Structures are given as structure tokens and as C-alpha cells.
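J.: Got a predicted structure plus its sequence, pasted below:
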Protein chains: 2
Amino acid sequence: MAFRFEIIKKDPSSQARLGRIQTSHGSFLTPTFLPVGTQGTVKSLTPEDLVENGVEVLLCNTYHLYLRPGYEIIGRLGGLHRFIHWDKPILTDSGGYQVFSLSSLRKLSEEGVTFQSHIDGSFHSLTPEKVVEIQRVLGSDIAMVLDECIPYPSDYKYVKASIGLTTRWAERSLKARQKSDPPLFAVVQGGTYPDLREESAMALVKMGFQGYAIGGLSVGEPKALMMEVLRWTLPILPESHPRYLMGVGTPQDILDGVLFGIDLFDCVLPTRNARNGVLFTSKGKISIKQSKYAEDEKPIDEGCFCYTCRHYSRAYLRHLYLSKEILSSRLNTIHNLYYYMSLIKNIKEAIQEDRLTEFYKTHYPKLEGLEEENSNQL
Amino acid sequence: MAFRFEIIKKDPSSQARLGRIQTSHGSFLTPTFLPVGTQGTVKSLTPEDLVENGVEVLLCNTYHLYLRPGYEIIGRLGGLHRFIHWDKPILTDSGGYQVFSLSSLRKLSEEGVTFQSHIDGSFHSLTPEKVVEIQRVLGSDIAMVLDECIPYPSDYKYVKASIGLTTRWAERSLKARQKSDPPLFAVVQGGTYPDLREESAMALVKMGFQGYAIGGLSVGEPKALMMEVLRWTLPILPESHPRYLMGVGTPQDILDGVLFGIDLFDCVLPTRNARNGVLFTSKGKISIKQSKYAEDEKPIDEGCFCYTCRHYSRAYLRHLYLSKEILSSRLNTIHNLYYYMSLIKNIKEAIQEDRLTEFYKTHYPKLEGLEEENSNQL
């Protein structure tokens, strides 16, 4: 399968870079953010909505699609792109994270993991080889290896054993890969231990994957610790390959990650927050249900050009949210996604124009200050 | 307020007519169908979606908007059109039907009706005058008088007294009307009693409204009886005025109503069915959750040009429905609404081209036969 990563420009004062990833379903610029289309849809939105809001690449969850409708059905229907009406790149995760967070009666062995479906309690097992096969059949553009996702905190001894397993699984994944398979990204684990992150990263890099993800972050550890993990890990990952920070994060996390040289981010934050009525604005987050918006005819964010802000008042959006209207989720999701993709656009432009540090300095504290100021209201 | 109804063409072999209604927010052709935007949104759709699917006039529920967010708030925010981002005509109902079907502790008097909100149990009262005021403040393009909505069956004596009240309320509504108010439609009641329908219709026509609705149908009475009521009532209503069959109905009901000379229809059927996974097709209704669609790559209806049928398979729509995805409601609603608006378009063209009877003869039995054939599966 076609896959190429090229660096277009490097930021002179950080590890940030502007890049381009070429896949079988077209190319996209990095750094970028992947919205989460868990069950083959970014909740409430159509593919046309995603494109309109600047999305170029989508994440779908292997675990969910494997359980329902089943990867073989999707394969027989012509693959995931055709099934969900999305002709741009799709990255699929390995399903590992969901097995460890959603399913019950998990049993881990050298071979793989067996678990009970969170939907109907049926028994399943995933192995590194099976996960490669599933993503092949789905027709994903970037596939991930199966890894063990450990909680925070986990003790040193456990994490050390776990990265051993994750490394052996990564090796088996590579062996299971067929020539026409999608490019495969490995996942660096190692919890919050510098030497284990280093050990994990070095072992994976030695095997030679098309890209490297950093997993096991944004699982409850302090933000500063997440930054430390990036500081330890990134220098080990080859500059020539894309780097993906899984499940992260807030707008600030994204800015920080870019400075460390991260190219890809995914997170449910903008979409899940939207459905809960929590909206990102240039002045911090707001909770649309608050009574102070009952007669507020202003848009969510006066400087925003998204469809929602162009046509609807806070008062109407509050009404839709309180009335539990489906349109509430849709309009809020459009806004939050537009917010994230605008941040991405600004970051890319700043790298291109050699002013990322300046952008960071003016943008970051503004976001952070207002987040804190508003946090008690949410 | 600007309001004009003109008949463009009469069908030579039935009472059907092609007409045009002019309002302050533009004109639309009749017969037409009004989707129901209960709380100021047709569930899951944007106004742009409505237009794309052929909708020209929208129904909003006074009862719901009165309770939440409150009609005065909507008024202060510039009226209902601006609030919901819809610049075409809006017809508002009187709230009567919802008071009688949704609220609790109703108390009816000569003055009006008091009731408890179904949302928070708060006490409210509506009078004919208040209902005229609410619709004035909302800025509706066609307003309805408050009427008593009686269940089916109701005994003769009760219905007779009720139409007396509804008639007196209609008279008070007319008196409460100010010069710049929206056009006011009266509602013919009278249950399933020919003489009471006649009495109600004659009394209202004598007062002189801008249009006449037929209420109290599609509330559980046999279909044949609904047709009887139309047969008794329609000849009494002036040909020069628009006639509105409230809360009706199935595609067959609409075809029948048009033949009787009905100009306006509204119903939750296409939108509610959509959210329940029941979809209208040229071969009858289907229930998308059925396992036979699990690997069906065909669109809902192979002859349909709606957005949903152009891009999505039955298999994907079944997956979205079973996964309780928001997009399921949205894609299904688009399809069903397109189906209804296409029927309306075909009816208008058939009248224009003097072939309504032919259209009825070929179209009606096809729908009905297949409805029955499929009914056990639903």
C-alpha cells in the first residue's frame, strides 16, 4: 500500500515540523488532528461535515467495528471507506485500548487477549496477527499494532514485563504483515518510567515500523508527567517517521505535543464535550446549559466562522441542549471540531512562517488561563 | 401581515387544486406537507437540510415553545424565524392538541384551559386570547385558534357541548386579533358526527377566517371514518380559502386528502418513523433493523435520489441504527422527508398536468398493498 512521509519544513526553535503523509486514499499535511469515528461515524456528523470543518484523516475503532457489524461484513461490503462513505485516509487503532477499558473478563496471555464483548457478553480473542488481519480487511490506511494498555499508576515490575509483551507482539505483527497491507505503526509503552519508555521505543525502532505512536498517556497522569514522557521518548523516535500521540488531548496538549515533534493526535474531547454542551471558544470553555445564556443572542464565539456560529445564538443552542434535541449534538460538534481544526491550521501556518514559538507564547497562556478561570463552572 | 391564497389550477375530476399561499416570509405552492419542528427544530435536521429535501413551510408547536424556552424570550430574541435560523414560512399550532395529549391535571373552563407542564409540573393557563398573543410574539406566518381536542370515541352530547366552546373560543380569537397579526385559521371539530362537523364548520365559516383546519382526526378512528368526516366537512368550507388537515398522515391519507380538496398536511409520521428505523420506500415500508439487511449493499430505495440513498447502504444504516448512533436518525429522517416531499411534488405535477386521477389510480393501490404485505414485519 502506498505510504510516504516527508518533512516539508522544520521549526528552527523546537522539534516541530510540517510534514505530509501520503496514503492510498490521498495525502494530508501534519501536524494534524484525527476526530474519532468510533463505530464508523463521528457522532452526529456526515463525512461532508468533516470535510467542511477541515478534517483530512479519520480514526476508527477496530474493537467496535470488529464486534459490530463485524470486520468480515465490512470487508464483503467493499471495505470501511465504502461502508461509511469516506474516501479520505482512515487510521484504525488496534482495539487494544478498548479491550482494556470497555470489555469485561479480560484474560491476557503471551498469545493475545481474550475478553467478553461489552455489547452482548460474547467471548472473543485478539492476537497481534488477528489485529493485523482485521485492519487489512477493513482496508485502513494506517494500521496499529496490538499493545497492552496499562493503567496509571502501574508498578515498575508490571510495566517492565508489559513492555516485553508489547515488544514481542509488535514483532509478531510485523511478521504477520503482508506486502499489500496498510503501513503499520508501533506503540511505545512504558508507563511513566524513563528507562522503560526508552527500552520500549528502542526495541520498536530497531524493528522498523512505518510510524511510531506513544500510547498509555492521558490516562489520569499529571500533565507535567505526560510532558516528561514526551521529553524522554521523542528523541529516540526517528525524525524521518511520523509520530502519533494517541488519545491526546486538550488544545494545550496539542500545542505542547507539536513542539516535541508530534505529527498526529486523536481525541474524543472535542466531540464528547460537544454532546455534553461544553464548547471551546477563543476565551476558554463554556457550558452552554448555564442560565446566563438563556437570552444571549451572540454566537458561541464571536470570532468563529463555523456553520454553528454563523447561524445560531447561544440562547438557541442552550434551548436545544436543555430540550435534549439531536440537533444540539450536531451543532455543538461542528463548532468544537472546527475549533480544533482551526488550531491545527494555525499551527501549520505558524510552522510554515517560522513563527511557531511566537504563536505558542501568545496562544498557550491565553488558553490555559481561561481554562482555569472557567473550570469551576463546568 | 401579508397573506394571500390563490388557486392556480383545479383538478377536473376531483376537488383537488393547485394553489399558492403568500406569506410575509415568501410563498409556497399547495398541496404541501409541513414537517413538524416541535421544539423549534425538525429533529436531527438543519434548516438547510429541510430546503434541500423540498420543504417550504414548517410547523412549530406553540405548547412546547411556550413552555421552553418561553415565547417572550423568543420574542425578545427577534422572533421564531431568527431564533431557529429559518427564513421561510412557519405555521404554529395553538398548543391545544398538546395540552390535551401531553400535560397533566388539565382543567377546562369557558375561559380557557389550565394545565401542568409535562416538563417540570409548573402550572399554566391558555386562553384563546393568550394563544393569539403567543403566536403574534413568535412571529408565526399562519396562526391557529385554540380549540378543544377531544379523544375518539367521544359521546354525542359531549362533542356537541365541545364544539360550542370551540366556536366561542374561535370568536374570541378573532376579536383578540390585531391588525398586524398573522393570518388566523379556525379548526373544525365535531368528532365523527356528521351534523356536528357541519355545525362546527358552518359557524366558523360564518365568522370569516383566513383558512380552515380540520382537527380531531387521526386520533385512532378507522381510516374510512376519517374519509367520511372529510366528505361531510369539505363542501362546507369555502373553496377560496386554504384547508388544512391537521396531524395527517400516511402517504395514502395525503393522496386521499388532496382529492377532497385539502391544501395543507402536517404529521410526525415521516420523522418519528425515521428515528424508529422505519423507512418509506416505493415498495412499501421497511424496518432497517431486520437482519436481512445486515449485508445488503443496496440503498434504502433504489429509485430514490435523496442524500442518504445516494451514499449509504442498508447495511450501514442498519449498523448505525443498532449502534444507536445519532447519524442514524439524521440519515433516516432525510430519506423519509424526501419521500414525503417527492410525493407532494408528484401530486402537484399531476394536478398541473391534468392526470391526478391517473396518478391516484396507479400510485395508491401500490402503496396500500405493500403496506399490508410488510406490516407484520414492523
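T.: Perfect, thanks for sending it. Residues are numbered from 1 along each chain as shown, chains lettered A, B, ... in the order given.

J.: In space, what's closest to the residue at minimal distance from the centre of chain A - neighbours in sequence excluded?
T.: Most central in chain A under Cα atoms, centre = their mean is residue A:266, positioned 1.4 Å from the mean C-alpha point. Excluding the flanking residues, the one nearest residue A:266 by Cβ to Cβ, 6 or more residues apart in numbering or on different chains is residue A:34, at 4.0 Å. Bear in mind the C-beta positions are built from the backbone N, C-alpha and C, glycine included.

J.: Backbone dihedrals for the one you found, please?
T.: phi -110, psi 120 (degrees, to the nearest 10).

J.: what number of residues lie near it?
T.: 23 (other Cβ atoms under 10 Å in any protein chain shown).

J.: ditto for the one 4 residues further on
T.: Counted with other Cβ under 10 Å, the neighbours of residue A:38 add up to 19.

J.: How about residue A:222?
T.: Look at residue A:222: counted by other Cβ under 10 Å, it has 10 neighbours.

J.: Near chain B, which residues of the stretch 201-350 of chain A are found?
T.: Residues of the stretch 201-350 of chain A that fall close to chain B, judged by Cβ under 8 Å from any Cβ of the partner chain: A:294-295, A:297, A:311-313, A:315-316, A:318-320, A:322-323, A:325-327, A:329-331.

J.: redo that, cut-off 10 Å
T.: Within the stretch 201-350 of chain A, the residues that sit near chain B (Cβ under 10 Å from any Cβ of the partner chain) are A:275, A:294-297, A:307-308, A:310-313, A:315-316, A:318-320, A:322-331, A:333-334.

J.: Take those and keep only those in helices.
T.: Judged by DSSP state H, those include A:275, A:307-308, A:310-311, A:315-316, A:318-320, A:322, A:326-331, A:333-334 as members of helices.

J.: Report the buried members of those residues.
T.: The neighbour-count test (16 or more other Cβ atoms under 10 Å in any protein chain shown) applied to these identifies A:275, A:307-308, A:315-316, A:318-320, A:322, A:326-331, A:333-334 as buried.

J.: so where do the helices sit in the stretch 201-350 of chain A?
T.: A:223-233, A:251-259, A:269-275, A:307-311, A:314-322, A:326-352 (DSSP state H, counting those that start in this stretch).

J.: right, and these - which one's nearest residue A:55?
T.: Taking Cβ to Cβ, helix A:326-352 is the member of these nearest to residue A:55, at 6.2 Å.

J.: Next, report how far the closest one is displaced from the centre of its chain.
T.: Between the centre of helix A:326-352 and the centre of its chain there are 14 Å (Cα atoms, centre = their mean, to the nearest Å).

J.: Show the model's pLDDT score for residue A:367.
T.: Residue A:367 carries a pLDDT value of 72.

J.: give me every residue that touches residue A:295.
T.: A:313, A:314, A:315, A:318, B:69, B:70, B:72, B:73, B:74, B:76, B:77 (Cβ atoms under 10 Å, 6 or more residues apart in numbering or on different chains).

J.: was I right about the fourth one contacting residue A:290?
T.: The reference is to residue A:318. Yes. Counting by Cβ atoms under 10 Å, residue A:318 touches residue A:290, with 7.6 Å between them.

J.: picking up where we left off before, how much space between the residue nearest to residue A:266 and residue A:138?
T.: Using Cβ to Cβ, to the nearest Å, one gets 15 Å for the distance from residue A:34 to residue A:138.

J.: just checking, which of the contacts of residue A:295 belong to strands?
T.: The members of those all map outside strands under DSSP state E.

J.: from the residues you listed, which two are the most distant?
T.: Top of the distance list for the contacts of residue A:295 (Cβ to Cβ): A:314 and B:72, 17.4 Å.

J.: Pick out whichever of the two has more residues nearby.
T.: Using other Cβ under 10 Å as the criterion, residue A:314 and residue B:72 rank with residue A:314 on top: 22 against 13.

J.: Check which residues of stretch A:192-202 are buried.
T.: Judged by neighbour count (16+ other Cβ under 10 Å), stretch A:192-202 contains these buried residues: A:192, A:193, A:196, A:197, A:198, A:199, A:200, A:201.

J.: Present those as CSV; the columns should include distance to residue A:124.
T.: Below are these laid out as CSV (distance: Cβ to Cβ, whole Å):
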residue, distance to residue A:124
A:192, 30
A:193, 31
A:196, 29
A:197, 30
A:198, 34
A:199, 30
A:200, 26
A:201, 30
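
J.: Among these, which one lies nearest to residue B:120?
T.: Once Cβ to Cβ is applied, the member of those that ends up nearest residue B:120 is residue A:192, at 47.9 Å.

J.: Spit out the contact partners of the residue nearest to that closest one when sequence neighbours are not counted.
T.: Nearest residue to residue A:192, sequence neighbours excluded (Cβ to Cβ, 6+ apart): residue A:225, at 5.3 Å. When contacts are counted by Cβ under 10 Å, 6+ apart, residue A:225 is found next to A:152, A:153, A:191, A:192, A:217.
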